[in-house]
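Trainee: structure for the following, please:
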Amino acid sequence: MPSNTVGEATAYFDVQLWPQWSIAIFGGAVKAERQGRGFGGACGLAALAWCFDQLAVARICETTARDNDRPIRLLSRLGFVQIGEVIAVKPDGARRPSLYWELEREARDALRSVRRTG
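Mentor: Coordinates of the predicted model:
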């Protein structure tokens, strides 16, 4: 399909919510041919706003493969802090060493304030 087809998905976002701890874990991806154009950042900012402002979570967690540079740069730009490493289990049962990241609502709010005042 041509890339300008109406209704074509550019990216996806998924969230797991743990309300008892006020935590969300999210992930997502941008289609390969759309990467490098700012979609990841825009989707990431929208996802953060939705999780913090609509779901009212206190913390968002994420994992990335250790060698996956784009999401590592994106999470850093969004304000996530690398906490450590974990062994992630993929849907097919495969295991991979991954970086573990967190972003607290207060940290996101402070970053937004700094960006606004400039």
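Trainee: only C-alpha atoms for contact and neighbour calcs from this point on.
Mentor: Will do.
Trainee: ok, the residue nearest to W101 when sequence neighbours are not counted - contacts?
Mentor: Nearest residue to W101 in three dimensions, chain neighbours excluded: Q82, at 4.3 Å (CA to CA, 6 or more residues apart in numbering). In this structure, Q82 makes contact with 99-102, judged by CA atoms under 8 Å, 6 or more residues apart in numbering.
Trainee: filter those to the buried ones?
Mentor: 99-102 (16 or more other CA atoms under 10 Å).
Trainee: out of these, who's nearest A47?
Mentor: Within these, the smallest distance to A47 is 14.0 Å, found for E102 (CA to CA).
Trainee: and the gap between the closest one and E33?
Mentor: 28 Å (CA to CA, to the nearest Å).
Trainee: what's the answer for E8, then?
Mentor: E8 is 12 Å from E33, by CA to CA.
Trainee: tell me what T63 is bridged to.
Mentor: Note on T63: beta-bridge partners Y100, judged by DSSP bridges.
Trainee: the worst-scoring helix or strand of the chain on mean pLDDT: which residues count as buried?
Mentor: Lowest on mean pLDDT, DSSP states H and E among the helices and strands of the chain sits helix 105-117, with a mean of 78. Residues of helix 105-117 classed as buried under the neighbour-count rule (16+ other CA under 10 Å) are 105, 108.
Trainee: which elements pack onto it?
Mentor: Using 3 or more CA pairs under 8 Å, 6 or more residues apart in numbering; DSSP states H and E as the contact definition, helix 105-117 packs against no other helix or strand.
Trainee: starting at the chain centroid, how far to that helix?
Mentor: Distance of helix 105-117 from its chain centroid, counting by CA atoms, centre = their mean, to the nearest Å, is 17 Å.
Trainee: contacts for that helix?
Mentor: Counting by CA under 8 Å, 6+ apart, 52, 57-59, 79 sit against helix 105-117.
Trainee: and with 10 Å instead?
Mentor: 48-49, 51-53, 56-60, 78-81, 118 (CA atoms under 10 Å, 6 or more residues apart in numbering).
Trainee: PyMOL command for the buried members of these?
Mentor: In PyMOL syntax, the buried subset of these is picked out as below (16+ other CA under 10 Å):
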select buried, resi 48+51+52+57+58+59+60+78+79+80+81
